[in-house]
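*Asks:* one predicted model, sequence on top.
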Amino acid sequence: MRKLFTAILASAAMAAGSAGPAAAQQELKIGLLTTLSGPGSGLGTDIRDGFRLALEHLGGNLGGVPTLVIEADDQRKPDVAVQKTDEMISRDGIYLMTGQVWSNLTLAMMPTLARNRVFFISPNAGPSALAGKQCNPWFFNTAWQNDNNHEATGAFVQKKGYKSVYLLAPNYPAGHDALAGFKRYYEGEIKGEVYTPLGQLDYAAEIANLRAAAPEAVFFFYPGGMGISFIKQYAQAGLIQDVPLFGPAFSFSQDILRAVGEAAVGAYNGAQWSPDLDNELNKKFVTAFREKYGRLPSLYASQGYDTALVIDAAVRNAGDDWSDKATFRKALESVVLETTRGAFRFNRNHFPIQDFYVRRVVKLEDGTITNRVVEKIFEDHADAYADECRMR
Amino acid sequence: MPRFSEMGWRWHLLLAFALLLAFALPWLGDDYLTKLATRILVFALAAAALDLVLGLGGLVSFGHAAFLGLGAYVVGVMFVHDFEGTTILGLAPTQNVFLQFLLAAVLAGGFALVTGAVCLRTRGVAFIMITLAFAQMLFYFFVSLRRYNGEDGIALWNRSSGGGWLDLEDLAVFYYFALAFLVLFLAFAFRLYHSRFGRVIRGSKDNDRRMQALGFPTYRYRLTAYVLSAAVTGVAGVLLANATYFVGPAYLSWHVSGQLIVMVVLGGIGTLFGPVLGAALFILMEEFLPDLLDLVATGSGEYWQLLLGPLLVVVALFARRGLLGVLVGGGR
Amino acid sequence: MDLLLLLQQTLNGLQLGVMLFLMAAGLTLIFGIMDLINLAHGSFYMLGAYVTAWLVGLVDAFLPALALALLATAAVGYLVEVTTLRRLYGRDHLYQVLATFGLILFFNEGIKLLFGPQPIFLQPPDWLSGQIPLFGAPYPIIRLAIIAVGLASALLLWWLIGRTRLGMLIRAGADDREMVQALGVDIARLFGAIFALGAALAALAGAMAGPILAVRIGMGEDILILAFVVIVIGGIGSVRGAFVGALLVGLVDTYGRALLPDLLAVFLERTVADAAGASIASMAIYILMALVLAFRPRGLLPARA
């Protein structure tokens, strides 16, 4: 089925003259497996759209090699993700895999990919499990280690001199990592550290307790729907003027801002990217994305875009021998590149070394709610797990 | 479902064809197909086990994902301790798949015994909801269980060991292993269906009071069926973990319970063989429907559930006996 | 924890309960009368929130948008009843689960097709924004509005079922369909109307909860399971039971989250208490449900003896 589909696509591409006959012999096949249906498909769609845009900008080639991207929907189910991974490996013969949003699906796919010697370039999920002792020669992350954006926010809250904070996160590994990351750089008093059930709807009880604890600032990590609910309810409780909100970029990404509106204006968040970062590539990306898809790009879309750029650079580095896996790994490891977020390179554990910024949520003159850079908080920041990594 | 001797020629043809296909499949040498078929076998086992309470007992359990998940977590927890070289409750972890089966069956069956004792006091919709509630409890338990990575789950870098004489890493071996369990269970369930136990359960489904008046302690019969079904679903969980090299709370989500019900009804409820067909059909649709749609109109593949939804509605409305009913006619 | 804070938390619990009641009322009505288990009730909730948000964006007036959204959702509900669910009355619950599970998939993807996969914006109107002081802390007016709407719906349902001809037919229809038909009532139309009413109630819940929650695909499933817990605790088919069950679930859930970590910290280390408290709090309502059913298998206030 998919073979047939691929063949049709390939012949269509040939007819259009986009791929020369010589190039068709050696084609870079990339699997893009992400969440495209059901709840949670927002992030997957953003990553996919960003990746597609980059490929378009690069003329359908990565590193000068004609590229075929095979997309599939994992429905946010780990067993489906593994099944689709199997399919892409043994049916389509993909050379590398990307697209994944979630930490748990990333971990689920990892054994299958490593066993079949397929590169996995995660454009989002960067669980600590793959950054430290269990770092893997087949795994690369082009976004961040999960803790990074929390660390950036922690450093900023510390620098601003807030003497006490109240912390909230969902009761799951990413939530615990988030607060641990924040506390790595924040040294003031912790007035409360609250873990709420995953998928909770109403935060009235937590907000009442928080008010009673009277902290100087609040740091929270709630991605997706939880974040939207929390920000709305926090603003409605009338607290946002007295006790400012801080969070990682995920708590204030463009998809969330669209849904919460002015409630979030004034909040600060740590991020590796912002739509107003001043570089040519980023301007081109933001304008083109808006033009093509009719919405502002989110953090996740920029990660999808940058992932394609990183692969592009790696293939170019590797030269004619790119299909040799050892060569390609070396080429990936030594990628040094300007991306939409500025300078990018990999650490020894295959996670990024990059700058981090603090952004503020603002309302523009045309009414758009979006993020603007306040300052650079970390220069060439690496994650806390890299030292434990002994890459084989 | 008829006795073997009463089956018509279409039954025999279908069974012969299914067995032949199942045995021949790995010989095609297509790794992807073998893996896909393995996944079908695993879900077929779980769905057939669910049919034991659903079809036989008329008990709509909306929480079977909990048993599947418990079985899977046996493999995950053992893997973690084996990897770390730590003990669990003072005992050495085991990677032996047969011991894991035993543990999974005991754990899932035990959980079913405790919760079933409460659930089976209710009927109808309340039963659906309370089985769902217990499954949700377990789901949240595993999501917040930090020792075993909570919602991130556990990546398994190897499959369970086959006790020294089976290499489960081998695709074909693992496939036949799962197939053997499915066939064994179907044979057992088939006998059960026509046994006195099966007749009491079925009688209790149609008219519980009458069976009680006849002197059968139907509550105990139903509880036994529930525990049995859970234990087998737990075994399927061990296979699922091994098939996917992964264990996580997502296996206990209510969507999985719903999916198992869909498989049973899709194939034909109360027929034991039907759920096997249902599992195959569901997984094949999940796998190929997006591609098919993309062939019709590029980019429409991601909206495949827009088609799946109404399809399920149609099955619910018209195909009372499911796919099996269509294939073998009257059937029941 | 001081008394004022306890009062605040009690109010929060009651408010959560009332919000759950809004969702559960339509569900239990349809359960009780048609004996139909409707998983797609959450889809009507989502539809109510989405259509309200969309209309507010167009006309910038909350009440008219809300009214239109209720009508639209009721119409969709009626359509679903006529084309699909009508054929499932009297069938095994299993088929109802299957069909309405299919409807969930359909509505989720349909919404995605129409509105895109990203969550959308819905804010309380200006006259419901802001706070008033209550128990020593500012309390959001929108939450008071939810309480008011929830109580009003409870009263309306009580009046409708207990005091009107329609209510009499509903009660009679639930007990004995042939009897009602013999009276010359078109039972098919009656059921269609009730289903539309249930859908409108779900839409009302969605539109009222939308301004404080995330309006996104799948938002219905999050709250649907809670609503199921509510009606099972209250007694399936009983609107009174749903009300009591909703308040109970709201209170248990809120107290669990607000108080458990502090209570556990008396015996346990702080970090352990926080984690354990969160884990138990997430299971609290399910434990409550299991306890209730263990002692009263038909719920607290069953509809019919």
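*Replies:* Happy to help now that I have it.
*Asks:* low-confidence bits of chain A, can you list those?
*Replies:* Applying pLDDT under 70 to chain A flags the ranges A:1-25, A:392.
*Asks:* which part of it gets nearest to chain C, residue-wise?
*Replies:* Proximity of chain A to chain C (CB to the nearest CB) peaks at A:Pro39, 2.9 Å away. Yep, even glycine has a C-beta here, placed from its N, CA and C like the rest.
*Asks:* would you say that residue is within a helix?
*Replies:* No. Read with DSSP: H, G, I helix; E, B strand; the rest coil, A:Pro39 is coil and lies in no helix.
*Asks:* pull the contacting residues for the closest residue to B:Ala155 other than its chain neighbours.
*Replies:* Distances taken as CB to CB, 6 or more residues apart in numbering or on different chains place A:Leu107 nearest to B:Ala155, at 4.3 Å, with adjacent residues excluded. Contacts for A:Leu107 (CB atoms under 8 Å, 6 or more residues apart in numbering or on different chains) come out as A:127, A:129-130, B:149, B:152-155, B:246, B:248.
*Asks:* so A:Val165: helix, strand or coil?
*Replies:* Per three-state DSSP, A:Val165 ends up strand.
*Asks:* sorry, slip of the keys, the one I care about is A:Val361.
*Replies:* strand.
*Asks:* which residues does it bridge with?
*Replies:* Judged by DSSP bridges, the bridge partners of A:Val361 are A:Asn371.
*Asks:* what residues does stretch B:166-185 touch?
*Replies:* By CB under 8 Å, 6+ apart, the list of residues contacting stretch B:166-185 reads B:22-23, B:25-26, B:31, B:34-35, B:37-38, B:41-42, B:44-45, B:48-49, B:97, B:158-162, B:232, B:235, B:239, B:242-243, B:276.
*Asks:* so among those residues, which ones count as buried?
*Replies:* Burial by neighbour count, 16 or more other CB atoms under 10 Å in any protein chain shown: within these this picks out B:22, B:25-26, B:31, B:34-35, B:37-38, B:41-42, B:44-45, B:48-49, B:97, B:159-162, B:232, B:235, B:239, B:242-243, B:276.
*Asks:* can you give me the strands in the stretch 51-200 of chain B?
*Replies:* B:154-155 (DSSP state E, counting those that start in this stretch).
*Asks:* re the thing from before, looking at it, the residue of chain A closest to chain C is touching C:Pro119, isn't it?
*Replies:* No. In this structure, A:Pro39 is not within contact of C:Pro119 by CB atoms under 8 Å, at 9.7 Å.
*Asks:* which helix or which strand is home to A:Lys29?
*Replies:* strand A:28-34 (DSSP states H and E).
*Asks:* just A:Gly181 next, same as before
*Replies:* helix A:173-185.
*Asks:* low-confidence regions, chain B specifically.
*Replies:* Ranges of chain B meeting pLDDT under 70: B:329-332.
*Asks:* kindly report the same for the stretch 51-200 of chain C.
*Replies:* C:173-175, C:177.
*Asks:* how about the contacts made by C:Tyr45?
*Replies:* C:23, C:202-203, C:205-206, C:209, C:219-220, C:223-224.
*Asks:* recalculate using a threshold of 7 Å.
*Replies:* C:23, C:202-203, C:205-206, C:220, C:223 (CB atoms under 7 Å, 6 or more residues apart in numbering or on different chains).
*Asks:* which element is A:Val374 on?
*Replies:* Going by DSSP H and E, A:Val374 is in strand A:369-381.
*Asks:* before we move on, the earlier item: for the strand holding A:Lys29, buried residues please.
*Replies:* For strand A:28-34, by 16+ other CB under 10 Å, it's A:28-34.
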